[in-house]
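Novice: Pasting the sequence and the predicted model now:
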Protein chains: 2
Amino acid sequence: MTLAPERSPRVREAVATARELLERDGPDGLTMRRLAGAMGIRAPSLYKHVESKEELEALLIADAFREIGELFHGAVAKSEGPKQEHGALGALARAYRGWALAHPHLYRLLTEGHLPRERLPEGLEAWAGEPVGIAVGGDPDLARAAWAFAHGMTILELDGRFPPGADLDAAWAAAIERFGSPAARQSSVGASPGRSS
Amino acid sequence: MTLAPERSPRVREAVATARELLERDGPDGLTMRRLAGAMGIRAPSLYKHVESKEELEALLIADAFREIGELFHGAVAKSEGPKQEHGALGALARAYRGWALAHPHLYRLLTEGHLPRERLPEGLEAWAGEPVGIAVGGDPDLARAAWAFAHGMTILELDGRFPPGADLDAAWAAAIERFGSPAARQSSVGASPGRSS
DNA sequence: CGCCTAAGCTAACGCCGTTAGCCGAGGAAG
DNA sequence: CTTCCTCGGCTAACGGCGTTAGCTTAGGCG
């Protein structure tokens, strides 16, 4: 049950449609009835393809983990040369925040509440998170701290918890500077893929 | 609407009961019907006292903000002497994590999703957050980074997102060390008010 | 004494995820 | 060619949710 049991075409369609609904209308827009409607079907028929809403969400989550996993691995890989601001950690932070702001509802689905690990391909979560450990230099405690910071920063921004004028780029930069290995240390993080509310 | 319009006894009872339900049974246990039941009443009657579930939650949130505000102000005040580990920031971190682990469902209600600011007493949120700015030495960017870290760390722990053996005390210590002003710097954070899953 | 209001009630609405059970189309097997 | 079985639709319904409409009753007050 942990080895991605190949999806039927109809399941793939359901997952694709569900993702559209979630990204466009938020969690309240992703309803079994609405999803069925978007597929030209009645809600109970969905259960011929998917055992529950939770399984459907797990499929969305698995796809998203693969997506960000590739994104993050690519980000640390491309930041090999010390030309990038704040090196691998900065690149990773920009990728992280950028993806979250581009897919806020999906990000929340991925990160909030209980993760249905038993429904996820084994090792996927760990693989997607690897780049943090790399970027931080190998210390697992520091990696977890950096991860927690990135998530906290991101979810607070998405939820509009920071005051209107807050300079979030500066907050990111302040933390990255402190979490990074004592290597290249200058300027600000630069990327500002979105504004806080 | 922003100046806490004095609660009737029945409203106070509703809020108290709601808090018990939430803390004991989690968010699914806090239902208008269940709350009414616990008060010996039917659900629609609740609306004679409270205009919506959202208002009820706002009352819970306001109380909790007052509670943690006092807790946090007290924590930084009592850590004046540099005897405490990591000074004010360490004391604040221990208070923060301790309260969250003691009241996980309430913590989630406070921090997750959209905050109904228009229903909250003005300035309450800012006052409760003040101590972070103080503990960090005044830099607002650094304060926001520290806040984001603490929230990220806490919510990830509550949601069981860290691997089973992870040393969360060490992760807290690693971050506190880096966020703190370059003053007293030694040992570990010490407090371990709970284990991660 | 009469009236008004506060605070309870039942019934119901529209939504949710989900189950039970029916039915038609289409392919496989004899 | 016919029979049968499986797949994927369907309707009806259940129990739960927040919430509204509208009725009733008890108490206090003029």
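Specialist: On my side now, so go ahead.

Novice: Is the lengthiest helix in chain A positioned near chain B?
Specialist: Identified as the longest helix of chain A according to DSSP state H is helix A:53-78. No - using C-beta under 8 Å from any C-beta of the partner chain, helix A:53-78 never reaches chain B; the gap is at least 12.7 Å. C-beta: built from backbone N, CA, C; applies to glycine.

Novice: what mean pLDDT does that helix have?
Specialist: Averaged over helix A:53-78, pLDDT sits at 96.

Novice: quick one: buried residues of that helix?
Specialist: For helix A:53-78, the neighbour count (16 or more other C-beta atoms under 10 Å in any protein chain shown) marks A:56-62, A:64-65, A:68-69, A:71-73, A:75-76 as buried.

Novice: Equivalent analysis for stretch A:124-141, please.
Specialist: By neighbour count on 16+ other C-beta under 10 Å, the buried set for stretch A:124-141 is A:124-125, A:127-129, A:131-136, A:139-141.

Novice: May I see those residues organised as JSON lines, with pLDDT and secondary structure added?
Specialist: Formatted as JSON lines, these follow (pLDDT from 0 to 100; DSSP: H, G, I helix; E, B strand; the rest coil):
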{"residue": "A:Leu124", "pLDDT": "96", "secondary structure": "helix"}
{"residue": "A:Glu125", "pLDDT": "95", "secondary structure": "helix"}
{"residue": "A:Trp127", "pLDDT": "96", "secondary structure": "helix"}
{"residue": "A:Ala128", "pLDDT": "96", "secondary structure": "helix"}
{"residue": "A:Gly129", "pLDDT": "95", "secondary structure": "helix"}
{"residue": "A:Pro131", "pLDDT": "96", "secondary structure": "helix"}
{"residue": "A:Val132", "pLDDT": "95", "secondary structure": "helix"}
{"residue": "A:Gly133", "pLDDT": "94", "secondary structure": "helix"}
{"residue": "A:Ile134", "pLDDT": "92", "secondary structure": "helix"}
{"residue": "A:Ala135", "pLDDT": "93", "secondary structure": "helix"}
{"residue": "A:Val136", "pLDDT": "91", "secondary structure": "helix"}
{"residue": "A:Asp139", "pLDDT": "94", "secondary structure": "coil"}
{"residue": "A:Pro140", "pLDDT": "96", "secondary structure": "helix"}
{"residue": "A:Asp141", "pLDDT": "96", "secondary structure": "helix"}
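
Novice: Switch these over to TSV; also include distance to B:Glu177.
Specialist: TSV is the format used below for the buried residues of stretch A:124-141 (distance: C-beta to C-beta, whole Å):
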residue	distance to B:Glu177
A:Leu124	32
A:Glu125	28
A:Trp127	29
A:Ala128	27
A:Gly129	23
A:Pro131	23
A:Val132	18
A:Gly133	19
A:Ile134	21
A:Ala135	19
A:Val136	14
A:Asp139	12
A:Pro140	16
A:Asp141	11
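
Novice: ok now the longest helix of chain A, how far from the chain's centre?
Specialist: Put simply, helix A:53-78 sits 7 Å off its chain's centre (C-alpha atoms, centre = their mean, to the nearest Å).

Novice: Contact residues of chain A facing DNA strand C?
Specialist: Taking C-beta under 7 Å from any atom of the strand as the contact definition, chain A meets DNA strand C at A:Leu30, A:Thr31, A:Met32, A:Arg33, A:Arg34, A:Ala43, A:Pro44, A:Tyr47, A:Ser52, A:Lys53, A:Glu54.

Novice: mind listing which of those are in helices?
Specialist: Using DSSP H, these in helices are A:Met32, A:Arg33, A:Arg34, A:Ala43, A:Pro44, A:Lys53, A:Glu54.

Novice: Give the burial count for the third one, as a bare number.
Specialist: Same thing as A:Arg34. Applying other C-beta atoms under 10 Å in any protein chain shown, we find 16 residues neighbouring A:Arg34.

Novice: ok, now how distant is the closest residue to it other than its chain neighbours from A:Ala38?
Specialist: Of all residues not flanking A:Arg34 in the chain, A:Leu21 sits nearest, at 6.2 Å (C-beta to C-beta, 6 or more residues apart in numbering or on different chains). Taking C-beta to C-beta, to the nearest Å as the measure, A:Leu21 and A:Ala38 are separated by 6 Å.

Novice: Could you do A:Glu177 as well?
Specialist: According to C-beta to C-beta, A:Glu177 and A:Ala38 sit 46 Å apart.

Novice: And A:Leu156, by the same measure?
Specialist: Note on A:Leu156: its distance to A:Ala38, by C-beta to C-beta, is 32 Å.

Novice: more crowded one of the two?
Specialist: Using other C-beta under 10 Å, the more surrounded residue of A:Leu156 and A:Ala38 is A:Leu156, with 21 against 16.

Novice: so is A:Gly40 in a helix, a strand, or just coil?
Specialist: Following DSSP: H, G, I helix; E, B strand; the rest coil, A:Gly40 is assigned to coil.

Novice: What values do phi and psi take at it?
Specialist: A:Gly40 adopts backbone torsions of phi 70, psi 40, taken as degrees, to the nearest 10.

Novice: List, one by one, the residues from chain A near DNA strand D.
Specialist: A:Ser8, A:Arg10, A:Ala36, A:Gly40, A:Ile41, A:Arg42, A:Pro44, A:Ser45, A:Lys48, A:His49.

Novice: Return the distance of A:Leu56 relative to DNA strand D.
Specialist: A:Leu56 sits 14 Å away from DNA strand D, going by C-beta to the nearest atom of the strand, to the nearest Å.

Novice: Report the spatially nearest residue to that residue, omitting neighbours in sequence.
Specialist: A:Val50 (5.0 Å).

Novice: Ok, A:Arg10 next?
Specialist: A:His49 (5.1 Å).

Novice: Who are the contact partners of that neighbour?
Specialist: By C-beta atoms under 8 Å, 6 or more residues apart in numbering or on different chains, the residues touching A:His49 are A:Ser8, A:Arg10, A:Val11, A:Ala14.

Novice: Now render the residues you listed as JSON lines, adding neighbour count and pLDDT.
Specialist: Formatted as JSON lines, the contacts of A:His49 follow (neighbours: other C-beta atoms under 10 Å in any protein chain shown; pLDDT from 0 to 100):
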{"residue": "A:Ser8", "neighbour count": "11", "pLDDT": "92"}
{"residue": "A:Arg10", "neighbour count": "15", "pLDDT": "95"}
{"residue": "A:Val11", "neighbour count": "17", "pLDDT": "97"}
{"residue": "A:Ala14", "neighbour count": "22", "pLDDT": "98"}
